[in-house]
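Undergrad: with the sequence up front, the predicted model follows.
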Amino acid sequence: MIRLAAPADLPRIVEIYNAAIPGRLATADTEPVTVEARRAWFEKHGPRRPIWVDERDGEVIGWASLTDFYGRPAYGATAELSIYVAPEAQRRGVARALVAHAVAASPALGLTTLLGFVFGHNAPSLALLGGFGFVRWGHLPRVAVLEGVERDLDIVGLRLG
């Protein structure tokens, strides 16, 4: 069941996010974050830029968020989509369900464009988003350093409607 995240979900959201850090595929954070450090981020989200969780058998196993792009009013119809899935729930369709939900919900939120910022070596995420029609709109070569390796960042986009 995909539903809006509640404040009580924040510890699990952080736990899932932190589980992605060691894999060096999904985030540029290199050290775990704390619940307290993510509280302001969580509270910034709301009806216009929600966080959704996928809850199955009473446990949150993945989450998606929409975040303002670039913080200027002219970009108000554009949002960045982020998806994270608990390691034990990967390859079970959770990410696909979250992307589908976000894409379907976005027009009602006044969005015309979704963006994804994905490391170039993250083939699974690029393929997932590509399956929904996201295409590469930008390529930033070697802008991140993870474990001493320079990594590219791809910007993928989807026009809605």
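TA: Everything's here; your move.
Undergrad: low-scoring stretches of this protein, by residue?
TA: Within the chain, no stretch has pLDDT under 70.
Undergrad: what backbone torsions are found at residue 32?
TA: phi -60, psi 150 (degrees, to the nearest 10).
Undergrad: go on, the one 4 residues further on?
TA: Backbone dihedrals for residue 36, given as degrees, to the nearest 10, come out at phi -60, psi -40.
Undergrad: burial count for it?
TA: 9 (other C-beta atoms under 10 Å). For every residue, glycine as well, the C-beta is placed using N, CA and C.
Undergrad: again, but for residue 46
TA: Residue 46: 10 neighbours (other C-beta under 10 Å).
Undergrad: where's it, which helix or strand?
TA: Here residue 46 sits in a region with no helix or strand, counting by DSSP states H and E.
Undergrad: dump the residue contacts of it.
TA: Under the criterion of C-beta atoms under 8 Å, 6 or more residues apart in numbering, residue 46 has no neighbours.
Undergrad: distance check, it against residue 147.
TA: 36 Å (C-beta to C-beta, to the nearest Å).
Undergrad: and residue 37, by the same measure?
TA: Using C-beta to C-beta, residue 37 is found at 22 Å from residue 147.
Undergrad: what of residue 125?
TA: 18 Å.
Undergrad: more crowded one of the two?
TA: The neighbour count for residue 125 versus residue 147, taken as other C-beta under 10 Å, is higher for residue 125 (20 against 8).
Undergrad: tell me who's in contact with that one.
TA: By C-beta under 8 Å, 6+ apart, residue 125 lies in contact with 25-26, 83, 95, 116, 118-119.
Undergrad: could you identify the most distant pair in these?
TA: Taking C-beta to C-beta as the measure, the contacts of residue 125 span a maximum distance of 15.2 Å, between 95 and 119.
Undergrad: correct me, but residue 61 touches residue 87?
TA: No - counting by C-beta atoms under 8 Å, residue 61 stays clear of residue 87, with 9.8 Å between them.
Undergrad: looking at the two, which is more packed in?
TA: Using other C-beta under 10 Å, the more surrounded residue of residue 61 and residue 87 is residue 61, with 20 against 11.
Undergrad: pretty sure the more buried one belongs to a strand, no?
TA: Yes - secondary structure of residue 61 (DSSP: H, G, I helix; E, B strand; the rest coil): part of a strand.
Undergrad: show me the contacts for it.
TA: Applying C-beta under 8 Å, 6+ apart, the residues contacting residue 61 are 16, 54-55, 85-86, 88-89, 94.
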